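Colleague: coordinates only, sequence not included:
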């Protein structure tokens, strides 16, 4: 009986730690400021309180370019339900990213990370700072989904649904 009780306490503590970790990651993300495509500061706090899919990418990343049209399609399907998609270009020059976004028909908001890209990726669990990387926040600002690598269509469904449900989804 003592073992079960101690195991239950340990699992409860782990669950609380995991919940606190995802909330802390949200605080890191929403407390940061990136740059808009026009070069002006873009505080991420403006996205807090809504279901949010954040996709980190770069122009040179072939898998990133491949998933962009599907991300746009998923945004169109879920936007009326309150989910927003934000692309974060791990790049330095907003003008170059703006030209790329226009050429590729990116129809969702795009921000430029500049020097904040790698630290932000790592703070959100991408310790290798590899791309693409997708992190999903629920309305409370907690991380409910993350995936390193390009998302398949079914993973996009899971990610966008997790943003709405407010409970963790799984990348498979």
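Modeller: In hand now; what should we look at? Treat the numbers as computed from the prediction; the structure is a model and nothing was measured.

Colleague: from here on, contacts and neighbour counts on C-alpha atoms
Modeller: OK.

Colleague: for residue 112, list each beta-bridge partner.
Modeller: With beta bridges defined as DSSP bridges, residue 112 has these partners: residue 35, residue 89.

Colleague: find me the pLDDT at it, would you?
Modeller: Residue 112 is assigned 98 on the pLDDT scale.

Colleague: so it sits right up against residue 96, yeah?
Modeller: No - applying CA atoms under 8 Å, one finds residue 112 not in contact with residue 96, separated by 10.1 Å.

Colleague: neighbour-wise, which of these two wins?
Modeller: residue 112 (30 against 12; other CA atoms under 10 Å).

Colleague: lowest-confidence helix or strand of the protein?
Modeller: Within the chain, no helix or strand scores below helix 2-30, which has a mean of 50 by mean pLDDT, DSSP states H and E.

Colleague: flag every buried residue along the one helix or strand residue 65 maps to.
Modeller: Using DSSP states H and E, residue 65 sits in helix 62-78. For helix 62-78, burial by neighbour count (16 or more other CA atoms under 10 Å) applies to 63-65, 67-68, 71, 74-76, 78.

Colleague: dump those to TSV, plus distance to residue 49 and pLDDT.
Modeller: Below are the buried residues of helix 62-78 laid out as TSV (distance: CA to CA, whole Å; pLDDT from 0 to 100):
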residue	distance to residue 49	pLDDT
63	29	97
64	26	97
65	28	95
67	26	95
68	24	95
71	21	96
74	20	95
75	17	96
76	20	96
78	16	96
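
Colleague: now flag whichever of the residues you listed is closest to residue 157.
Modeller: Closest approach between the buried residues of helix 62-78 and residue 157, by CA to CA: residue 74, at 7.5 Å.

Colleague: test my guess that that closest one contacts residue 154.
Modeller: No - if you go by CA under 8 Å, residue 74 and residue 154 don't touch, sitting 10.5 Å apart.
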